[in-house]
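> The following comprises the amino acid sequence and a computationally predicted model.
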Amino acid sequence: MVDSKVLVNGRIYVSFRPIRMAEALVTLNERVAYVGIESKAMELADIFDSDVIDLKGKATMPGFVDSHMHLDGLGSIFETLDLRGCRSIRQLKEKLREYIDGHEEMNYIIGRGWDQELFVEKRYPTRWDIDEVEIGRPVILTRICGHAAVLNSKALEETGILEKVSSPHLQRDADGEPTGIVTEGLLEFAEGKLQTSSNVRDLLRQFQNGLSYCASKGITTLDFVSCTLESYKALQILRKEGKLLVRVRVHMTPKALDALSALGIRGGYGDSMLKVVGIKAFADGSLGARTAWLSFPYGDQPGEFGSALIGEDELESLARSAEDLDLQIATHAIGDRAIDIILSAYGKIESTKRLRHRIEHCSIVRNDQVGRIKELGAAVTIQPHFVISDWWVTSRIGKERARLAYPFKKMAIEIACIGIGTDCPVEPVNPWETVYAAVTRGAEDGVPLASETQEEKLTLEETLDKYTYGSSCTLNEENDLGTLDPGKYADFVILETDPFSVNVEQIRDLKVLETYVGGRRSFPFNP
């Protein structure tokens, strides 16, 4: 049976670099069959008995490709305590108290989203703060970045963290008492101890909620990074049941590598809706938790440089193991020192250019590193909304080094393969919030970095190109995704307002009316 649609009477953006437009578009089954003039499209509509979509002057563009996000985090955030936007520890405690009152059945409490930089107290929350609200059940509240958390005394006790007296990832006060703040590997350890594995039913529900939300925001493909084997199993079920509303690509955790090898699963395994792309690694932490690894001391904490989460030899070994299976390595690096070890390791791997091994975030980056990335043919995924969320970055790294922070324009000019992601739930999954951040650098929000690095703003054309075609390149799928050229998947969105018709401050308020994946509408969902 032929499934065909014809889009007419609107502004159809085929691509953004360069901007190419068409009067009409024809889909045939999953693919774009024709873009061009309306009269020819209507002739094809008669041949294919197509459904005609009258755009009524609305704009249509390729769907967004989120090149770095955490589907499990997005799915669970609808069911856990949301602490984003808290302006004080007092407000955090109030939200925790309200949440606890409505969740008496839970054995432990999980929350996420606080940022001490927003607190009027100008400090981290402590276990004693949380103990004032809950002492009977374990509580773990993760910072917005996902690299630090505060545990109450019960959680510290039940996880056995108090026994790890020499861990550098356990914060202590002036008297040597654990404050409840844990970072990096110790946070992962705590989460593993507290959270029993979600059952399949929980994961299916959470993933469906997350995918539905992504579709509503115009995302047609997403890269689920740090995907576990359990999460992948749940995605397989959704795929078989035809319930994946958007295309999902996965970069799995290093722990999954042995299982993939044993099964002979190679990069690209899967189909058009669900595909294994590679392995996700971590080279350092975050600027917010001061665990990003810098080549210079933090401006607001002299003597602190952050630290590495993986050694160069270990990363090289991991990359070679992935290379044997044609799997792409995507390595998290916020600090420039972390980028150094990645570039050194990637430089020893023959497949770096072929597989486009990636650097995730690339937040603090030097000019020489940009040149080396270009030389190696590595790919980069950036998260422009970090600029707004990390409004304090100038004081964190020192004003004299501000030009090292988020040099989007410089990288976009020099590096061939750059994609845009959100790192959701660290940042909002709504692409228009990200686009707004890329083109303003927070200038409208009073972010100091904006005035100091105006030259690093991206244009709207550049941003939309990187968010569609660029992201498809980071997945090695530019032949199928990213533009609406004939032969590519018919993944497109219909917009309420043409993004090129509004002022810059209005971009974050743009709305998606409909989302189509493979020519089928995924939002509003019509089963």
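Thanks, I have the structure now. Numbers count the residues shown, from 1 in each chain.
> Quick check: buried residues in stretch 254-266?
Judged by neighbour count using 16 or more other CB atoms under 10 Å, the buried positions of stretch 254-266 are 254, 256-257, 260, 265. C-beta: built from backbone N, CA, C; applies to glycine.
> okay if I get the residues you listed as JSON lines plus distance to residue 89?
JSON lines is the format used below for the buried residues of stretch 254-266 (distance: CB to CB, whole Å):
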{"residue": "254", "distance to residue 89": "35"}
{"residue": "256", "distance to residue 89": "38"}
{"residue": "257", "distance to residue 89": "40"}
{"residue": "260", "distance to residue 89": "43"}
{"residue": "265", "distance to residue 89": "46"}
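> Of those residues, which is the nearest to residue 42?
residue 265 (45.0 Å; CB to CB).
> Go ahead and confirm the closest one touches residue 276.
Yes: using CB atoms under 8 Å, residue 265 is in contact with residue 276, at 6.0 Å.
> can I assume residue 306 is in contact with residue 295?
No: Residue 306 is beyond contact range of residue 295, at 9.8 Å (criterion: CB under 8 Å).
> Give the intersection of the neighbour lists for these two.
Both residue 306 and residue 295 are contacted by 335, 337, under the criterion CB atoms under 8 Å, 6 or more residues apart in numbering.
> ok, the two, which is more surrounded?
residue 306 (24 against 16; other CB atoms under 10 Å).
> show me what contacts the closest residue to that one other than its chain neighbours?
Nearest non-adjacent residue to residue 306, counting by CB to CB, 6 or more residues apart in numbering: residue 293, 4.2 Å away. With contact set as CB under 8 Å, 6+ apart, residue 293 has these partners: 283-285, 305-308, 334-335, 337-338.
> Filter the residues you listed down to the ones in helices?
Among those, the ones falling in helices (DSSP state H) are 337-338.
> With respect to residue 479, which of the contacts of residue 293 is nearest?
residue 283 (30.0 Å).
> Burial check on that closest one, number of neighbours?
Neighbour count of residue 283, defined by other CB under 10 Å: 27.
> just residue 200 next, same as before
For residue 200, the neighbour count with other CB under 10 Å is 12.
> How many residues are close by the closest residue to it other than its chain neighbours?
Spatially, and ignoring its direct neighbours in sequence, residue 200 is nearest to residue 234 (5.8 Å; CB to CB, 6+ apart). For residue 234, the neighbour count with other CB under 10 Å is 26.
> tell me the secondary structure for residue 234?
helix (DSSP: H, G, I helix; E, B strand; the rest coil).
> By mean pLDDT, which helix or strand of the protein comes out lowest?
helix 184-194 (a mean of 78; mean pLDDT, DSSP states H and E).
> Report all helices and strands that that helix contacts.
Applying 3 or more CB pairs under 8 Å, 6 or more residues apart in numbering; DSSP states H and E, one finds that helix 184-194 contacts strand 139-143, strand 148-151, helix 153-159.
> Residue 428: which of those is closest?
When these are compared (using CB to CB), the closest one is strand 139-143, at 16.4 Å.
> Can you give me the distance of the residue nearest to residue 363 when sequence neighbours are not counted to residue 390?
Excluding the flanking residues, the one nearest residue 363 by CB to CB, 6+ apart is residue 334, at 4.5 Å. Going from residue 334 to residue 390 by CB to CB, to the nearest Å gives 10 Å.
> Break down the stretch 1-150 of the chain into its helices, ranges please.
In the stretch 1-150 of the chain, the segments counted as helices under DSSP state H, counting those that start in this stretch are 38-48, 71-77, 89-101, 127-131.
> which of the residues in the shortest one are buried?
Residues of helix 127-131 classed as buried under the neighbour-count rule (16+ other CB under 10 Å) are 127, 129-130.
> do the same with the third one
When neighbours are counted by 16+ other CB under 10 Å, the buried residues of helix 89-101 are found to be 89, 91-93, 95-96, 99-100.
> got it, and the first one?
Taking 16+ other CB under 10 Å as the basis for neighbour counts, the residues of helix 38-48 that come out buried are 38, 41, 44-45, 48.
> Quick check: the farthest pair among the residues you listed?
38 and 48 (15.4 Å).
> Which helix runs longest in the protein?
Secondary structure of the chain per DSSP H: the longest helix is helix 200-216.
> then it to CSV, C-alphas only?
This file holds the C-alpha atoms of helix 200-216, laid out as CSV (Å, rounded to 0.1, in the frame of the first residue of the first chain):
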residue,chain,number,x,y,z
VAL,A,200,10.5,-2.9,32.0
ARG,A,201,7.0,-1.5,32.6
ASP,A,202,8.5,1.7,34.2
LEU,A,203,11.0,2.2,31.4
LEU,A,204,8.3,1.7,28.7
ARG,A,205,6.1,4.3,30.3
GLN,A,206,8.9,6.8,30.9
PHE,A,207,10.3,6.4,27.4
GLN,A,208,6.9,6.8,25.8
ASN,A,209,6.3,10.0,27.8
GLY,A,210,9.7,11.3,26.8
LEU,A,211,9.4,10.4,23.1
SER,A,212,5.9,12.0,22.9
TYR,A,213,7.3,15.2,24.4
CYS,A,214,10.2,15.2,22.0
ALA,A,215,7.8,14.8,19.0
SER,A,216,5.7,17.7,20.3
